[in-house]
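Q: the following block contains a protein sequence and its predicted model.
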Amino acid sequence: MRLSMPLHPAGQPDRDLMFSIRQLFLFLSIIFIALLFAGLLLVRWLWFYPAELNTALETQKNEMFSLNSVLELKKETLATFVSDYANWDDTWHYVQEPYREYIATNFTDTTFESLKLSGALLLNNQREPVFNLEYNSESSLVTSNSTRLLYWLQQGGVEHLNDQPTTLFQSIDESPYLLAISPVMHSDNSGPRQGWLIFFQLLDDDILSVWKRITRIPLMRTDIPQNAVDLLTSPEDAQTFHDRCLMSPEQQPVYCFRIHHQQELPQFLSSNVITAFLLIALIPGIIFILLVHLLITPIRKATDLLELNNKDGMLRPVLFTTPLRIRELRQLRDTYNQLVYTARQQQARLEQLSNTDRLTNIPNRRAFDDALESTWKRLKRHKQSAALILVDIDYFKRFNDHYGHQVGDDALHRVAQALKSCAKRTDEITSRFGGEEFALILYIDDANNLDAVRHRIRESIRELNIRHEHSLVSKQLTISFGIAWIRESGPWLENMSKEEWLRAADAALYEAKASGRNCNMLQIITPEMPFTESPVWQQSPD
């Protein structure tokens, strides 16, 4: 908007386009009110509203904590019951010599009803059932040889048996249960363990009603969602409700419910906030600097230059044809041009990072694919000999399982650096192909050089001297690798593709692993000897 007064050719001002003081004040007052409202929103968004949300979040966390406390108390109570029965001389002797009076006296329908049990399972040290009882609360009948409990035992339940009392949630026959497991010992905890006693408690809607009554938190059972969240997971933000689940030790959802929080969530624009703004807006506005409009023209010119320089999507510095007279715009130009320079440096750095595997600090699969493409084109144009080598660490999963992923990552890095040292030329590459596999592209002129490379690869890994006690071929970490060697390339490669070259190396690696690992296989590719599914030569380890 122009605030100057245009003149007629005669030099007289155009009175129709002049602003009155009242109009200008009204205009600035509107801006003032708009900025005031924006400032109020900003302050509320940055400070007050987050504080109110944080208070609501803490309240919701406390509600979930109280619910979890009730749950822990229930688990402790059931654990106490099963420990009382398991650490009892009568139970200890019963496992050795079962007699009918023990069950008739101690596991009646009254016992199940008073302890809120749905089943009881007694196992000996061979994890075989001594008795297997299930209680039907509707008919008040106790039945033996429950297929439901035996199915749980056969489907992995024995994995939870140990020398310490345990409580856990399990889904048995699509029904949620709370289990308490305790080893069977003498009353004074002396003598050897004789087995385990397991109490099963069905988690039905009555249980949820008890939790609601104790915590005074509205709860509603829900179906198991696709992405279940553990009750122990603290909420990240305040919501009207949170869906939570009781999880098994295998982190599988067993029993899910919705927690409806009692406190209402704060509103961003409440009636109190609007009232406060209206009161503040009554204060007369401050007249702002009238010369701000003088910046509009140069800013528009700068915007046009930015659009012109970037219309093709390129990030280039802004260059003005005439000197800038406004210090702020000159600073803006210099700052933007410095930002362009910094962005270009970062782009180059990102390009490098996108082609580097972060764990091993060698080229990644993307860089390998680019190198394979350029090498293949080069081989078709010029007569050269090159080898594509796929390397796989033997039994690396066992290594990870027994030594841990941190030691496994260190081993991957050391192997990668050792293989990297085998690529001597700048146009050769050692890359991480994926997982514990690596890929090399080396230029090898003759069979002697090929043998030297194969020896160098094996020795570079052997010199690492990484212990692998769980390998089936050696006490040290070993590798298997397959070589696809193109001897004297040329136009005849037009009948092949780089994918076939890669497949030849992969077939050689497969044969090396099938031959017992810790060895390598060679596939020679010539015009007279094209790619086949079986490598032609095997080299056993030294």
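A: That came in fine, so what should we check first? A quick note: this is a predicted structure, and the numbers were derived from the prediction, not measured.

Q: list the residues that contact residue 129.
A: 121, 122, 123, 150, 153 (CB atoms under 8 Å, 6 or more residues apart in numbering). The way it works is simple: take the backbone N, C-alpha and C, and place the C-beta from them, glycine included.

Q: and the closest residue to residue 475 other than its chain neighbours, how many neighbours?
A: In space, and not counting its chain neighbours, residue 475 is closest to residue 469: 6.1 Å by CB to CB, 6 or more residues apart in numbering. Neighbours of residue 469 under the rule other CB atoms under 10 Å: 11.

Q: quick one: low-confidence parts of the protein?
A: Residues of the chain meeting the criterion pLDDT under 70: 1-26, 28, 277, 280-302, 305, 309-310, 312-316, 320-326, 352-353, 530-542.

Q: at the geometric centre of it, which residue sits there?
A: Geometric centre of the chain, nearest residue: residue 227, 13.3 Å, by CA atoms, centre = their mean.

Q: and it, which of the three is it?
A: coil (DSSP: H, G, I helix; E, B strand; the rest coil).

Q: who are the contact partners of it?
A: Contacts of residue 227 (CB under 8 Å, 6+ apart): none.

Q: then residue 166?
A: Counted by CB under 8 Å, 6+ apart, residue 166 has contacts 79, 160, 179, 180, 181, 182.

Q: who does it bridge with?
A: residue 181 (DSSP bridges).

Q: circling back to that earlier point, and the contacts of residue 129, which two are furthest apart?
A: 122 and 150 (12.5 Å; CB to CB).

Q: let me see the ranges of the helices in the stretch 151-300 of the chain.
A: 205-215, 271-281, 296-310 (DSSP state H, counting those that start in this stretch).

Q: who are the packing partners of the next helix or strand along the chain from the longest one?
A: Per DSSP states H and E, the first helix or strand lying C-terminal to helix 296-310 is helix 327-354. When contacts are defined as 3 or more CB pairs under 8 Å, 6 or more residues apart in numbering; DSSP states H and E, helix 327-354 packs onto helix 296-310.

Q: how about residue 261: what's its closest non-neighbour residue?
A: Leaving aside its chain neighbours, residue 261 sits nearest to residue 60 (5.0 Å; criterion: CB to CB, 6+ apart).

Q: returning to that earlier point: which of the contacts of residue 129 sits closest to residue 134?
A: Using CB to CB, the contacts of residue 129 come closest to residue 134 at residue 121, 9.1 Å.

Q: these two touch, right, that closest one and residue 153?
A: Yes. Contact status for residue 121 versus residue 153: in contact at 7.0 Å, counting by CB atoms under 8 Å.

Q: of the two, which one has the most company?
A: residue 121 (23 against 20).

Q: now the element after the helix or strand hosting that one, going C-ward?
A: Using DSSP H and E, the element containing residue 121 is strand 119-124. Next along the chain after strand 119-124, taking DSSP H and E as the criterion, comes strand 129-136.

Q: so which bits of that following strand are buried?
A: Going by neighbour count (16 or more other CB atoms under 10 Å), the buried part of strand 129-136 is 129, 130, 131, 132, 133, 134, 135.

Q: now swap in stretch 466-485 and tell me
A: Neighbour counts over stretch 466-485 (16+ other CB under 10 Å) mark 466, 468, 471, 474, 476-485 as buried.

Q: what do you get for stretch 193-210?
A: 193, 194, 195, 196, 197, 198, 199, 200, 201, 202, 203, 207.

Q: go on, stretch 388-402?
A: 388, 389, 390, 391, 392, 393, 394, 395, 396, 399, 400.

Q: just the ones in strands from those, please.
A: Counting by DSSP state E, the buried residues of stretch 388-402 place 388, 389, 390, 391, 392, 393 in strands.

Q: quick check: beta-bridge partners of the last one?
A: When bridges are assigned using DSSP bridges, the partners listed for residue 393 are residue 479.

Q: ok, it - contacts?
A: 399, 411, 412, 415, 436, 437, 477, 478, 479.

Q: swap the cut-off to 10 Å and go again
A: If a contact means CB atoms under 10 Å, 6 or more residues apart in numbering, then residue 393 has 399-400, 408, 411-412, 415, 435-438, 461, 466, 468, 471, 477-481, 517 as its contacts.

Q: for the residue nearest to the centre of the chain, give its distance to residue 525.
A: Note on residue 227: its distance to residue 525, by CB to CB, to the nearest Å, is 49 Å.

Q: any idea which element residue 499 lies in?
A: Assigned by DSSP H and E, residue 499 falls in helix 498-514.

Q: same for that helix, what does it pack against?
A: Counting contacts by 3 or more CB pairs under 10 Å, 6 or more residues apart in numbering; DSSP states H and E, helix 498-514 packs against helix 365-381, strand 386-393, strand 429-434, strand 437-443, strand 479-486, strand 520-525, strand 537-539.

Q: can you state the direction angle for the first one and strand 386-393?
A: Think helix 365-381. 150 degrees (axes from the mean of the first three to the mean of the last three CA atoms, to 10 degrees).
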